[in-house]
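Asks: Below are the sequence and a predicted model; questions follow.
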Amino acid sequence: MSFPEYPDYKGSGVDWLDEIPEHWKVIAAKRGISVLTDFTANGSFASLAENVEYQSSGYARLIRMTDLRQNLETEGVWVDENAYRYLEKSSLTGGELLMASVGSVGLIYLMPEVDYPASLAPNMYLLKTNTSLLSKFFYWSLLSEGGQSQILQVATTTAQPKLNKDNVRSIVLALPTVQEQTKIVRFLDHETARIDALIVEQQGLIGLLKEKRQAAISHAVTNGLDTTVPMKDSGVEWVGEVPAHWNVGTLRWYATIQGGVAKGKDYEGRETVLMPYLRVANVQNGFVDLSEVKEISVLESEVERYSLRAGDVLMNEGGDNDKLGRGTVWQGQITPCLHQNHVFAIRPNNSLTAEWLATLTQSEQARFYFFLNSKQSTNLASISASNVMSLALPLPPVSEQQQILSYLDQHRAWHEQLVEVATSTVELLKERRSALISAAVTGKIDVRSWLPPASAPTQELEREAV
């Protein structure tokens, strides 16, 4: 879909804006906005309401960027009525334009409507526009490439980026009439919603493809490829039935486990060597991430004890639930290389291929086992070496293991190709969204005659993105 240009343009006097429509103006934001901060700053709130604490419930909610990112679905922090009466100066009801002032500068949100008292949290600005500038037009201008670039340029950086009020007031924008702003806002609301819907659709497809990949692995490592073979009860509830000629045994029957080196050992007065070692962050689902390999000091006599061998299966002892127990085969990319004590090295014997074990750890059945036998804490989990070695293995003959793995490799290549296409489509749609916003708020396209179609087929937009 293409849009017309304006009939006449003039120089803007601003390099990044280039030319703007003849009847548009260039203004600094200070001519169209006032900038309010939260009223918990500078000790004034503390002096007014001594001993006030943020709470998990209360009379009024303080709106943070964290809450807005999740559409206010977080529990949030609250204050009592006495505190809110002071904070009413920056009260929020819905539709207000909010900007991060510290940290994630460049984040802009429109406040959703709420049915409870709310006020601005620290590290945010409330931007109020006058009659010459629509709040929603300013919102789209700030989200444009030029708006974001200016915010990052004017932000001061110490420990983290920070915007003061003068930084915000200095932002430059191209300004049409209020009537034209209204049309641009309607156009962008409609067109970005279409693009967002397509992005969600493609992201859903990526999720579905990953589920199908998981299901294919889970079925293959417990049922095999031949649907005609007799089946038997594995004797393990979470495994179910397996082909009758397969063995089922615990991992300790078919492999040994090697623990890793612990950080923080005291080697004072003893000679050490500096060695590369793998951490939990290096062991990903199905591959080893070697983009950052750290080093650790150990005694020379400990190098052999903690060294990895090509063919070891690396499994994580702890971390987030999605990292727990996930396995991948170490191919000896770095020699010698040690491993941290939170990464297990499993060394299979001749009846178990490393690739079979690593693939099995990606199955739904193994994920369930690791979760069931882990110790859970807030957002973290861990599993013991003993529980890892008690993992039940459906085990076909080595030749059949290789046949199944070959099939799964072909399936993986097909799956990755589809995911890559969908991921590329998402990125192209995001680029188109950004370009459309920038073109509309700088007058590079003329949408004054644009009308929302009676129906908005997404197929056309998707074809353009691809």
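Replies: Arrived safely, thanks for sending.

Asks: tell me the domain boundaries of the protein?
Replies: Domain segmentation of the chain under automatic domain parsing yields 25-175, 225-395.

Asks: For residue 448, find the nearest of those domains.
Replies: Minimum separation from residue 448 across these (C-beta to C-beta) falls at domain 25-175, 14.0 Å. In this view, the C-beta of every residue, glycine as well, is placed from N, C-alpha and C.

Asks: quick one on the thing from earlier: I'd like to know which of the domains of the chain lies nearest to residue 198.
Replies: domain 25-175 (18.2 Å).

Asks: any idea how far the residue positioned nearest the centre of the chain lies from residue 206?
Replies: For the chain, residue 69 is the residue whose C-alpha lies nearest the centre (C-alpha atoms, centre = their mean; 11.9 Å). To residue 206, residue 69 is 21 Å away according to C-beta to C-beta, to the nearest Å.

Asks: mind listing what residue 167 touches?
Replies: Listed by C-beta atoms under 8 Å, 6 or more residues apart in numbering, the contact set of residue 167 reads 151, 154-156.

Asks: and which of the residues you listed is nearest residue 11?
Replies: residue 154 (23.0 Å).

Asks: Could you report the neighbour count for that closest one?
Replies: Neighbour count for residue 154, taken as other C-beta atoms under 10 Å: 17.

Asks: before we move on, which element is the closest residue to it other than its chain neighbours in?
Replies: Nearest non-adjacent residue to residue 154, counting by C-beta to C-beta, 6 or more residues apart in numbering: residue 167, 4.2 Å away. Secondary structure assigned from DSSP states H and E places residue 167 in helix 165-169.

Asks: Show the average pLDDT along stretch 444-462.
Replies: Averaged across stretch 444-462, the pLDDT comes to 73.

Asks: so where's the protein shaky on pLDDT?
Replies: Along the chain, segments meeting pLDDT under 70 span 1, 38-56, 319-323, 325, 378-379, 455-466.

Asks: Would you mind finding the longest helix in it?
Replies: The helix that spans the most residues within the chain, counting by DSSP state H, is helix 178-223.

Asks: so what does that one touch, helix or strand wise?
Replies: In terms of contacts (3 or more C-beta pairs under 8 Å, 6 or more residues apart in numbering; DSSP states H and E), helix 178-223 is packed against helix 135-143, strand 241-243, helix 354-360, helix 364-372, helix 398-441, helix 458-465.

Asks: what does the host helix or strand of residue 298 contact?
Replies: For residue 298, the host element (DSSP H and E) is strand 294-299. If you take C-beta under 8 Å, 6+ apart as the criterion, strand 294-299 is touched by 261, 263, 265, 267, 270-277, 279, 306, 338, 340.

Asks: give me that answer again for 10 Å
Replies: The contact list for strand 294-299, computed with C-beta atoms under 10 Å, 6 or more residues apart in numbering, reads 260-265, 267, 270-279, 281-282, 305-306, 338-340.

Asks: Buried among the residues you listed? Need that as a selection in ChimeraX.
Replies: ChimeraX command restricting these to the buried ones, with burial defined by 16 or more other C-beta atoms under 10 Å:
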select :260,261,275,277,278,279,281,282,306,338,339,340
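
Asks: mind listing which of the contacts of strand 294-299 are in strands?
Replies: Of the contacts of strand 294-299, the ones assigned to strands by DSSP state E are 272-278, 338-339.

Asks: how about these in JSON lines, adding distance to residue 137?
Replies: Shown next, in JSON lines, are the ones in strands among the contacts of strand 294-299 (distance: C-beta to C-beta, whole Å):
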{"residue": "272", "distance to residue 137": "63"}
{"residue": "273", "distance to residue 137": "63"}
{"residue": "274", "distance to residue 137": "58"}
{"residue": "275", "distance to residue 137": "59"}
{"residue": "276", "distance to residue 137": "54"}
{"residue": "277", "distance to residue 137": "54"}
{"residue": "278", "distance to residue 137": "52"}
{"residue": "338", "distance to residue 137": "58"}
{"residue": "339", "distance to residue 137": "56"}
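
Asks: Widest-spaced pair of these?
Replies: Pairwise distances across the ones in strands among the contacts of strand 294-299 peak at 18.6 Å for 272 and 278 (criterion: C-beta to C-beta).

Asks: so residue 82 touches residue 59, yeah?
Replies: Yes: Residue 82 is within contact range of residue 59, at 8.5 Å (criterion: C-beta atoms under 10 Å).

Asks: between these two, which one's more packed in?
Replies: residue 59 (15 against 11).

Asks: Residue 25 versus the closest residue to that one other than its chain neighbours, what's the distance?
Replies: In this structure, residue 59 finds its nearest non-sequential neighbour in residue 81, 4.1 Å apart by C-beta to C-beta, 6+ apart. Computed as C-beta to C-beta, the residue 81 to residue 25 distance reads 44 Å.

Asks: now residue 62
Replies: 37 Å.

Asks: How about the contacts made by residue 337?
Replies: The contact partners of residue 337, taken as C-beta under 10 Å, 6+ apart, are 275-278, 282, 288, 290, 293, 306-309, 330.

Asks: quick one: which of the contacts of residue 167 is nearest to residue 143?
Replies: Among those, residue 151 lies closest to residue 143 (C-beta to C-beta), at 10.1 Å.

Asks: That closest one contacts residue 100, correct?
Replies: Yes: the pair residue 151 and residue 100 passes the contact test of C-beta under 10 Å, sitting 9.4 Å apart.

Asks: list the residues that contact both of those two?
Replies: By C-beta under 10 Å, 6+ apart, the residues touching both residue 151 and residue 100 are 106-108, 161, 163.

Asks: nearest to residue 424, of those residues?
Replies: Closest to residue 424 out of the shared contacts of residue 151 and residue 100 is residue 106 (24.9 Å), distances taken as C-beta to C-beta.

Asks: hang on, isn't the closest one packed against residue 144?
Replies: No: counting by C-beta under 10 Å, residue 106 stays clear of residue 144, with 11.4 Å between them.

Asks: in stretch 183-195, what counts as buried?
Replies: Neighbour-count burial for stretch 183-195 [16+ other C-beta under 10 Å]: 183-185, 187-188, 191-192, 194-195.
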